[in-house]
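>>> Okay, sequence plus prediction incoming.
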Amino acid sequence: MIALDTSSVAHYLAGSTGSDVEAVEVALATSQGCLPPVVLAELLSTPERPRILETTLLQIPLLEITPGYWERAGRLRARVIGRGREAKLADTLIAQTCIDHDVPLVTRDDDFQQFVEAGLRLAL
């Protein structure tokens, strides 16, 4: 399984190019792609999205939230902030989900680099 971040999926849907877009395409074509729940919520938050897009997004498997997730996410965010770095809540929740499932994340968002020390694996 390979987790897909909002930034890469949005660029994929927009027809952009890049190694992350190629990774999204391969992951979806081989049924290896999955979404952290926060990514699904972000993607569904676009008011002008076509109905067929919503149907397609809902077919991508979701990574489940595991017991103790919220506590681990809070501690993860505190560690990153404690090192003097910014840790957006949504990014922290996505990173913690991937860490919990030991699933690499495809993203073009550099903000996820700060979670690598905590165990986040980036696919690119």
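Nice, thanks for sending it over.
>>> Just name the shakiest helix or strand of this structure by mean pLDDT.
Ranked by mean pLDDT, DSSP states H and E, the weakest helix or strand in the chain is helix 51-57, scoring a mean of 88.
>>> Surely residue 20 touches residue 105?
No: Residue 20 is beyond contact range of residue 105, at 10.0 Å (criterion: Cβ atoms under 8 Å). The C-beta positions use only the backbone N, C-alpha and C, and glycine is treated the same way.
>>> Report all helices and strands that the least confident helix or strand of the chain contacts.
When contacts are defined as 3 or more Cβ pairs under 8 Å, 6 or more residues apart in numbering; DSSP states H and E, helix 51-57 packs onto helix 37-44.
>>> how about residue 98, what does it touch?
3, 36, 63, 104, 105, 120, 121 (Cβ atoms under 8 Å, 6 or more residues apart in numbering).
>>> If we use 10 Å, what do you get?
Residue 98 makes contact with 1-3, 5, 34, 36, 63, 104-105, 107, 112, 115, 119-123, according to Cβ atoms under 10 Å, 6 or more residues apart in numbering.
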